[in-house]
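Q: no sequence on this one, just coordinates:
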C-alpha cells in the first residue's frame, strides 16, 4: 500500500513538474542529484542493512552504527559543500552547485533516521514505515508544486528533496523513539566497517552505473539531453515501482529471517523468479509497445523525443527481472562480498559501452541497454545459483510460464493496434482498450502456462468477495 501510494504521488510529481519545468531544469537537477547519489552511498555505509541482518540487536551496535554514519555523513556533506561551486564551473551551469548545496544538507539529517528505520524494518513494522514514507512523499509533492509555481525552476526539486528527508527523519523518530541511540559509541566498529565496506563498495559501483551516464551526457551533450534521458528513465521505472519496489523493503528482512531459521533459500528464489518473469517482463514489453501514449499522458506533448528512448530502454530492462532478488539473496546467504564482485564484473563494461555511445547521441545511449541489461542479469543469476546449487534448467523452467503470459499480453495490444491501422500513437481511449486487452491476454497466458499466480489471484478474488 505504501509503494502504490508512493507511485500515485510520484506520478503526480512527474505530471506536475513536467508541465511546470523545462527539460533544462530537469537536466540541471539530474546532474546535481547524480553527484549527491554518488556521495550518499559513502554516507550510508550500509548501516541500516547491518542492523537488520544481525543475529541479535544490542544497544551498543545501534549506537555504533549511528556514530559511524554521523562521522561519514558530516565528512560527505562538507566535501560536497566545498565542491559545489567548482562543479557549477565544470558544467558551465551554476545551478548544479546550488542543487548540490541544498541536497547535501539532507545528508546530515539521514543518520538520525537510521536507527529507528532499521529497527522498524527488522520488526517488519511496515505499516508505520508506510505512513512515514507517504507523509514524506506528500510533503515533497506539495513543495514542488508550490515552489515551481513561484518560478524557482530546478531549485523547486532541490528544496522538495530536502523537505522529504526532514519529514522522514521526524516521522521515524516519532514512530519509534530511540533517542538513546544518538549517544556516541564506537563499540564493535570493526564489524560495522567490515560489513559496510563491502556493502558500500557494491553500492558505489551500482550508483556509478546509474549516475555516471548522466554526468557524461551532461558534459558531452548538454543539460537538455540529460533532462530527456532522465524523463525516459522515470517512465521506464514505472513497472519496477508498480511491481518489485513494493517488495524491496520486505525481501531482505524476510529472507534473513528465513535463513536464521535454517530454511533453504532455493525455493523462495525460484518462486521469486517465476513471479517476476510473469509480471515484470510483460509490463516492460507492454510499456515498449505503448510508449507514445504513456509519455504523452505523463509528460505532455513537449517531450516528443522520449518515446523512442523508452522503447529501447524498456526492451533492455526486460532482462533484469531477476535483479531485485540478487542483493538480498547474497546478503541473506552471508555472501556480502559477492555483491561487490558481481557488480565489478558487469557494471564497468556497461559504463564503458554507454560512454562510447554518448558522442553518437542520446538514442545510441538508450540502445546500449539492449546489451547491458542481458549482461547484468546473466552475471547476477550466475552468482546466486552457485550458492544454492541451482541449475540453469531449473531457472528456465521457473521463467517459462512467464514467457507465455508475456506473449498473451503483447498479443492483446497488437490486436488493438491492428484494428486502428497499426498506429503506435493511440488516443487515451484506445490506450485504455489496449491495456484491457493486454490484461485479458496476460490472464489467458497465465492460465495456459499453469502459472502459480493463478492461485494467488483466486485467493485475492475470494478475499475481495469477503470484504463485500
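A: Cool, the structure landed. Here the structure is a predicted model, which is why all the values come from computation and not from measurement. Residues are numbered from 1 along each chain as shown.
Q: where do the helices sit along the stretch 251-400 of the chain?
A: All helices of the stretch 251-400 of the chain, identified by DSSP state H, counting those that start in this stretch, fall at 266-289, 291-299, 306-317, 323-332, 336-357, 362-367, 369-387, 392-419.
Q: looking at those, which is closest to residue 118?
A: In terms of C-beta to C-beta, the element of the helices of the stretch 251-400 of the chain nearest to residue 118 is helix 323-332, at 13.8 Å. To be clear about C-beta, it is placed using only N, CA and C from the backbone, and glycine gets the same treatment.
Q: what's the closest one in contact with?
A: Contact partners of helix 323-332, identified using C-beta atoms under 8 Å, 6 or more residues apart in numbering, comprise 49, 53, 202, 240, 244, 247-248, 251-252, 255-256, 258-259, 265, 269, 272-273, 276, 336, 338-339, 342, 376-377, 380-381, 383-384, 387-388.
Q: Just the mean pLDDT for that helix, thanks.
A: Averaging pLDDT along helix 323-332 yields 80.
Q: Same check on stretch 69-77?
A: For stretch 69-77, mean pLDDT is 84.
Q: Centre of the chain to it, how far?
A: 24 Å (C-alpha atoms, centre = their mean, to the nearest Å).
Q: just the buried members of the contacts of helix 323-332?
A: Burial by neighbour count, 16 or more other C-beta atoms under 10 Å: within the contacts of helix 323-332 this picks out 49, 53, 202, 240, 244, 247, 251-252, 255-256, 259, 265, 269, 272-273, 276, 336, 338-339, 342, 376-377, 380-381, 383-384, 387-388.
Q: before we move on, the earlier item: and the helices of the stretch 251-400 of the chain: which comes nearest residue 151?
A: Of these, the one closest to residue 151 (C-beta to C-beta) turns out to be helix 291-299, at 20.0 Å.
Q: mind listing what's buried in that closest one?
A: 291, 292, 293, 294, 295, 296, 298, 299.
Q: Against which helices or strands is that helix packed?
A: Under the contact criterion of 3 or more C-beta pairs under 8 Å, 6 or more residues apart in numbering; DSSP states H and E, helix 291-299 touches helix 2-20, helix 223-236, helix 306-317, helix 428-448.
Q: the inter-axis angle of it versus helix 2-20?
A: Per axes from the mean of the first three to the mean of the last three C-alpha atoms, to 10 degrees, the angle that helix 291-299 makes with helix 2-20 is 80 degrees.
Q: mind listing what residue 173 touches?
A: Contact analysis of residue 173 by C-beta under 8 Å, 6+ apart lists 112, 113, 116, 179.
Q: what's the helix or strand for it?
A: In the assignment (DSSP states H and E), residue 173 maps to helix 154-175.
Q: Can you give me the buried ones in that helix?
A: For helix 154-175, by 16+ other C-beta under 10 Å, it's 154-173, 175.
Q: And that helix, how far out from the chain middle?
A: The chain centroid and the centroid of helix 154-175 are separated by 18 Å under C-alpha atoms, centre = their mean.
Q: same question for that helix, mean pLDDT?
A: Throughout helix 154-175, pLDDT has a mean value of 90.
Q: if we can go back for a sec, which one, of the helices and strands packed on helix 291-299, ends up nearest to residue 79?
A: Of all the helices and strands packed on helix 291-299, helix 223-236 sits nearest to residue 79, with 22.9 Å by C-beta to C-beta.
Q: how about the helices in the stretch 1-150 of the chain?
A: Under DSSP H, counting those that start in this stretch, the stretch 1-150 of the chain gives helices at 2-20, 23-44, 47-53, 59-90, 94-109, 114-122, 126-149.
Q: could you dump those helices to TSV with distance to residue 412?
A: Below are the helices of the stretch 1-150 of the chain laid out as TSV (distance: least, C-beta to C-beta, whole Å):
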stretch	distance to residue 412
helix 2-20	23
helix 23-44	33
helix 47-53	40
helix 59-90	47
helix 94-109	42
helix 114-122	38
helix 126-149	32
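Q: Would you single out the least confident of those?
A: Among the helices of the stretch 1-150 of the chain, helix 47-53 carries the lowest mean pLDDT, a mean of 65.
Q: worst average pLDDT in the helices of the stretch 251-400 of the chain?
A: helix 323-332 (a mean of 80).
Q: how many degrees apart are it and helix 369-387 in direction?
A: In terms of direction (the same axes, to 10 degrees), helix 323-332 departs from helix 369-387 by 30 degrees.
Q: Tell me how far helix 323-332 lies from the chain's centre.
A: 14 Å.
Q: okay, the angle between it and helix 266-289?
A: Using the same axes, to 10 degrees, the direction of helix 323-332 lies 150 degrees away from that of helix 266-289.
Q: Give the buried residues for helix 323-332.
A: Here helix 323-332 shows 323, 324, 325, 326, 327, 328, 329, 330, 331, 332 as buried, counting by 16+ other C-beta under 10 Å.
Q: Switch those residues over to TSV; also include distance to residue 454.
A: Listed next are the buried residues of helix 323-332 as TSV, based on distance: C-beta to C-beta, whole Å:
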residue	distance to residue 454
323	25
324	22
325	22
326	27
327	29
328	26
329	26
330	31
331	31
332	28
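Q: of the residues you listed, closest to residue 185?
A: Nearest member of those to residue 185, counting by C-beta to C-beta, is residue 331, at 24.2 Å.
Q: Distance of the closest one relative to residue 325?
A: To residue 325, residue 331 is 11 Å away according to C-beta to C-beta, to the nearest Å.
Q: ditto for residue 420
A: Here residue 420 is placed at a distance of 39 Å from residue 325 (C-beta to C-beta).
Q: what's the closest residue to residue 408 other than its chain neighbours in contact with, if anything?
A: Closest residue to residue 408 apart from its sequence neighbours, by C-beta to C-beta, 6 or more residues apart in numbering: residue 445 at 2.9 Å. Residues near residue 445 by C-beta under 8 Å, 6+ apart: 282, 404, 405, 406, 407, 408, 409, 451.
Q: switch the cut-off to 6 Å
A: Contacts for residue 445 were tallied using C-beta atoms under 6 Å, 6 or more residues apart in numbering; they are 404, 405, 408.
Q: on that earlier part again, closest to residue 22 among the contacts of residue 173?
A: Nearest to residue 22 among these: residue 113, at 32.9 Å, using C-beta to C-beta.
Q: tell me the pLDDT at that closest one?
A: The per-residue pLDDT reported for residue 113 equals 84.
Q: Can you read off the backbone torsions of it?
A: For residue 113, the backbone dihedrals (degrees, to the nearest 10) come out as phi -100, psi -10.
Q: just to revisit the earlier point, could you redo the helices of the stretch 251-400 of the chain as CSV and give each row distance to residue 82?
A: Shown next, in CSV, are these (distance: least, C-beta to C-beta, whole Å):
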stretch, distance to residue 82
helix 266-289, 41
helix 291-299, 36
helix 306-317, 35
helix 323-332, 32
helix 336-357, 26
helix 362-367, 31
helix 369-387, 33
helix 392-419, 48
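Q: right, so of those helices, which gets closest to residue 86?
A: Proximity to residue 86 (C-beta to C-beta) singles out helix 336-357 among these, at 22.0 Å.
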